[in-house]
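Asks: what follows is a protein structure lacking sequence information:
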């Protein structure tokens, strides 16, 4: 019997624990680890796990001295970084970490040890920057390597790193006189409002404010610079009549929230009219239905709920909502489009509405006729339908007529 046949017949289950271990060492050697065995022979490892057996290598490494652990590392894993060793052999990595022997294992070349840059001289820092980050601006360097960026900042070597394109630096505006700042505005942002300039160049706006030159940049005429808190109650009411006369309190709140909040604080909200709700509770069923027909004729239930929720709720409470059509009322009965005569009739209407052209999928959906497009599968698909209704033939005749007219003109 071959090895594969024996393994397939489950001969491992017939062995006792000692025989399984002896078989493992004979096949793979005594230095085999569970991690290595998983890659080489996973079925054998599963048997070891089932029986909760420990390999000699796993037991022996615990009792090794520090020197022997280092020797073991150099023989088996020399050259591996800490991250790679942890992936390769987690149990041995744990032994080294617990014994504080991890310093002999090198870090990844990308990871720098603590105080790596602080131990370097200025010349070495400049050289390191030129070799690794010469094409990066200050903001890019900060994102790429924050530790290195802060180190050169502390040392006062930040000037070796260029600013981003178009950035002028913090001292650009501070070194200019008032006259030069006004000229700068006229040359670069003439005609733009404060909000627009602030979005484009926030540092310039801050300097203009600090120098008291902000008045040279105009405000947007749509925005008012009115201090409502300094106005008297009478002035506030007059302001409402001058600017928002005819608007209800909810509309004023949406239009100018700061003005509304001050009116509310001072208790002047009563001077602004509220939108009167129709008292439907006092109406009879007949009156409420006539109100619906005169104000919302032909509108469906969903649209009524959007436009006048108060009326919709009253109709629902009284059980009169049945008198209003739903969107489903306009739908075709089930199986209507499966009959060719019905389908052809509906399709021809749509083609007429679409200037004689067969609608695309998107046009069907825009016209709320997606069901018509979907029903084409019952009649052989889109192209079969086009042939049945003679659409292709009509189009060919139209094109032939157009060509004849063009040739006559030529």
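Replies: Received the coordinates, thanks. Remember, predicted model here, so these are calculated numbers, not experimental data. Numbers count the residues shown, from 1 in each chain.

Asks: what is the burial count for residue 14?
Replies: Each residue near residue 14 was counted by other C-beta atoms under 10 Å, and the total is 9. Where C-beta positions appear, they are placed from N, C-alpha and C, glycine not excepted.

Asks: from residue 23, how far out is it?
Replies: 11 Å (C-beta to C-beta, to the nearest Å).

Asks: and stretch 316-328, how far out from the chain middle?
Replies: Put simply, stretch 316-328 sits 41 Å off its chain's centre (C-alpha atoms, centre = their mean, to the nearest Å).

Asks: same thing with stretch 191-200?
Replies: The answer for stretch 191-200 is 29 Å, by C-alpha atoms, centre = their mean.

Asks: buried stuff in it?
Replies: Buried positions in stretch 191-200, judged by neighbour count with 16 or more other C-beta atoms under 10 Å: 192, 194, 197, 198.

Asks: before we move on, what about stretch 118-137?
Replies: Buried residues in stretch 118-137 (16+ other C-beta under 10 Å): 120, 125, 128, 129, 133, 136.

Asks: same question, stretch 281-296
Replies: 288, 289, 291, 292, 296.

Asks: relative to residue 46, which of the residues you listed is nearest.
Replies: Nearest to residue 46 out of the buried residues of stretch 281-296 is residue 296 (C-beta to C-beta; 73.6 Å).

Asks: ok, for that closest one, nearest residue in space, not its chain neighbours?
Replies: residue 304 (5.8 Å; C-beta to C-beta, 6 or more residues apart in numbering).

Asks: how far away is that neighbour from residue 283?
Replies: Residue 304 is 16 Å from residue 283, by C-beta to C-beta.

Asks: what does residue 258 give?
Replies: 39 Å.

Asks: kindly report the same for residue 252.
Replies: Distance from residue 252 to residue 283, by C-beta to C-beta: 29 Å.

Asks: reformat the buried residues of stretch 281-296 as CSV; add distance to residue 188, secondary structure and pLDDT.
Replies: Listed next are these as CSV, based on distance: C-beta to C-beta, whole Å; DSSP: H, G, I helix; E, B strand; the rest coil; pLDDT from 0 to 100:
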residue, distance to residue 188, secondary structure, pLDDT
288, 64, helix, 83
289, 66, helix, 85
291, 61, helix, 81
292, 60, helix, 82
296, 55, coil, 77
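
Asks: for residue 10, give me the pLDDT.
Replies: Note on residue 10: pLDDT of 60.

Asks: ok, now residue 57?
Replies: pLDDT for residue 57: 59.

Asks: and if you look at residue 342?
Replies: For residue 342, pLDDT reads 87.

Asks: show me the contacts for it.
Replies: Each residue near residue 342 by C-beta atoms under 8 Å, 6 or more residues apart in numbering is listed here: 332, 336.

Asks: how far off centre is the helix or strand hosting it?
Replies: Secondary structure assignment for residue 342, by DSSP states H and E: helix 340-353. Remark: helix 340-353 is offset 43 Å from the chain centroid, using C-alpha atoms, centre = their mean.

Asks: ditto for stretch 126-134
Replies: Once both centres are worked out by C-alpha atoms, centre = their mean, stretch 126-134 turns out to sit 36 Å from its chain's centre.

Asks: next: stretch 311-319.
Replies: The answer for stretch 311-319 is 41 Å, by C-alpha atoms, centre = their mean.

Asks: give me the domain ranges for this structure.
Replies: Annotated domains of the chain cover 3-104, 171-216, 228-271, 280-330, 336-409 [automatic domain parsing].

Asks: Serialize the ones you listed to a markdown table and add fields for distance to residue 140.
Replies: Shown next, in a markdown table, are the domains of the chain (distance: least, C-beta to C-beta, whole Å):
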| stretch | distance to residue 140 |
| --- | --- |
| domain 3-104 | 26 |
| domain 171-216 | 20 |
| domain 228-271 | 41 |
| domain 280-330 | 51 |
| domain 336-409 | 44 |
